[in-house]
Structure formats: C-alpha cells, structure tokens
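>>> Structure, please.
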Amino acid sequence: MSAPIAGELQISNDVLADLAGYAALEVYGVVGMTTPSLKNGVAQILSKDKLRRGIQVASEGGIATVDLYVVVEHGTNITEVSHNLKARVRYVLESIAGVEVADVPVHVQGIKVRT
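Okay, the predicted model is just below:
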C-alpha cells in the first residue's frame, strides 16, 4: 500500500463541464445540451464533443455552481427531469471529482421529439 502524497489537486472548470455534460446525457428525458444564447429563438442541440458549451461552471473557494442548458424530450415531466438532472450532476461531480456543488440551475431551452 502506498503512502498518501501531500499536496493540492486543482481541477479546471472545463473538466467539470465535461463531467457534468456526460452525466446530463445519462438522465432520462434529456435530449441534448444547447448554448445559453438562442440563435433566432431556436435551441440547437450540441454534438457530444461540444457539450461544455451548454454548461457554465463557476467555482469559488472549492465550491462550484453548474448552470445547465438543456433540451428535454417531448412528453416528459420537465420538473422531474430537472430534479433528476440536478441530482445526477451533483452526484457525479462530488463522487468523481471530489468537488462540493453549491447549486445546479437547469435552464430548459427547448423541447424536442426524440427520433
């Protein structure tokens, strides 16, 4: 067994955004991520390699706030999807990255029929 190493670990906000994005896509009812600003009033779903554009991470003193901009599936309960999304992202960031999460605001930018 190895001895613990003294020091401090810093995780960038981009890494936290990537973790949050992949965790968000695992939640039932989430079709995809979208950018915070809508072009022509339309939410365009981001590809999996650009998920972090739909997430804004602000961290201060080791505590993070993660804003998610999502498109949900038509026919799902938006409130339940939002609660599940918050819980999943919080769990992933706290268990994998060891980062305390203050809040996870969810911004539903659109509704789409899953094809």
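
>>> Show the pLDDT at the residue most central in space within the chain.
The centre of the chain sits closest to Ala20, judged by Cα atoms, centre = their mean, with a distance of 3.5 Å. Ala20 is assigned a pLDDT of 95 by the prediction.

>>> Surely it is in contact with Val66?
Yes: here Ala20 reaches Val66: they are 5.2 Å apart, a contact under Cβ atoms under 8 Å. C-beta here means a position set from N, CA and C on the backbone, and glycine is covered the same way.

>>> shared neighbours, the two?
With Cβ atoms under 8 Å, 6 or more residues apart in numbering applied, the overlap between the contact sets of Ala20 and Val66 consists of Ile55, Val57, Val89, Leu93.

>>> could these go into TSV alongside neighbour count and secondary structure?
Written out in TSV, the entries for the shared contacts of Ala20 and Val66 read as follows (neighbours: other Cβ atoms under 10 Å; DSSP: H, G, I helix; E, B strand; the rest coil):
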residue	neighbour count	secondary structure
Ile55	26	strand
Val57	21	strand
Val89	25	helix
Leu93	22	helix
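
>>> Pick the one among those closest to Gly110.
Gly110 lies nearest to Ile55 out of the shared contacts of Ala20 and Val66, by Cβ to Cβ, at 16.0 Å.

>>> any idea how far the closest one is from Ala6?
Shown here: Ile55 relative to Ala6, a distance of 32 Å by Cβ to Cβ, to the nearest Å.

>>> now do Ile78
Summarising the geometry, the distance separating Ile78 from Ala6, computed by Cβ to Cβ, is 46 Å.

>>> Looking only at neighbour counts, state which of the two leads.
The residue with more neighbours, out of Ile78 and Ala6 and counting by other Cβ atoms under 10 Å, is Ile78; that gives 14 against 5.
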